[in-house]
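Peer 1: next comes the sequence, and after it the predicted model I'd like to discuss.
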Amino acid sequence: MTDQKIRDLVTKAVILDRNISEQTEDLKALKAQIATEAESRADEATKTDGGGLSLTFEGADGCIARVTTAGPTLRSTLKPDDKKLPKIKEAARGFFARLFETEVVFKPVENFRDQARTVMGVEAAKLIKLCESAGKTTVSFETKDAV
């Protein structure tokens, strides 16, 4: 690709990125207005299987906006230092051990890579690789204000 083609490509991408950003903010605002309206009409909502509520609005051209509020979900884990844990144990009465499983979790120490290299030397590379996830590739833009 020539330098001019890459410049044109970057310019086109930046313009599109600006437009998407602006329209995304507009869409968020519109969705918030629709959600607020749905909250004010909770008595018109239909209950969902999961214990939530759903309300459908129709647009002028027949399109629809469905606002769904999910029912409460269970927390997937409770950490030992969770502020609610003592109250949860109390509320469970003597059944806490029956209603909750204890899991052991291993978390890499701070500065794991450096620490591993310090104690293991070159052999740390294999361990470090096993503990890593692939990095995500992103493209971001630094844009000048449109004139």
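Peer 2: Cool, got the structure.
Peer 1: so how far is stretch 33-45 from its chain's centroid?
Peer 2: 24 Å (CA atoms, centre = their mean, to the nearest Å).
Peer 1: identify each buried residue in it, please.
Peer 2: Neighbour counts over stretch 33-45 (16 or more other CB atoms under 10 Å) mark Ala38, Ala45 as buried. Using the backbone N, CA and C atoms, a C-beta is placed for each residue, glycine as well.
Peer 1: so what touches that stretch?
Peer 2: The contact list for stretch 33-45 (CB atoms under 8 Å, 6 or more residues apart in numbering) reads Leu53, Ser54, Leu55, Phe57, Ala65, Val67, Thr69.
Peer 1: what about the first one, distance to Arg41?
Peer 2: In this case it means Leu53. Distance, Leu53 to Arg41, by CB to CB, to the nearest Å: 10 Å.
Peer 1: now the helices for the chain?
Peer 2: 3-40, 85-91, 96-99, 112-120, 124-130 (DSSP state H).
Peer 1: now render the ones you listed as CSV, adding distance to Asp49 and mean pLDDT.
Peer 2: Below are the helices of the chain laid out as CSV (distance: least, CB to CB, whole Å; pLDDT from 0 to 100):
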stretch, distance to Asp49, mean pLDDT
helix 3-40, 18, 94
helix 85-91, 26, 93
helix 96-99, 24, 93
helix 112-120, 43, 95
helix 124-130, 41, 94
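Peer 1: need those helices in JSON lines with distance to Val105, can you?
Peer 2: Conversion of the helices of the chain to JSON lines gives the following (distance: least, CB to CB, whole Å):
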{"stretch": "helix 3-40", "distance to Val105": "35"}
{"stretch": "helix 85-91", "distance to Val105": "15"}
{"stretch": "helix 96-99", "distance to Val105": "19"}
{"stretch": "helix 112-120", "distance to Val105": "15"}
{"stretch": "helix 124-130", "distance to Val105": "17"}
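Peer 1: closest to Leu78 out of the ones you listed?
Peer 2: Nearest to Leu78 among the helices of the chain is helix 85-91 (5.6 Å), distances taken as CB to CB.
Peer 1: who touches the closest one?
Peer 2: Counting by CB under 8 Å, 6+ apart, residues outside helix 85-91 touching it are Leu78, Lys79, Asp82, Phe96.
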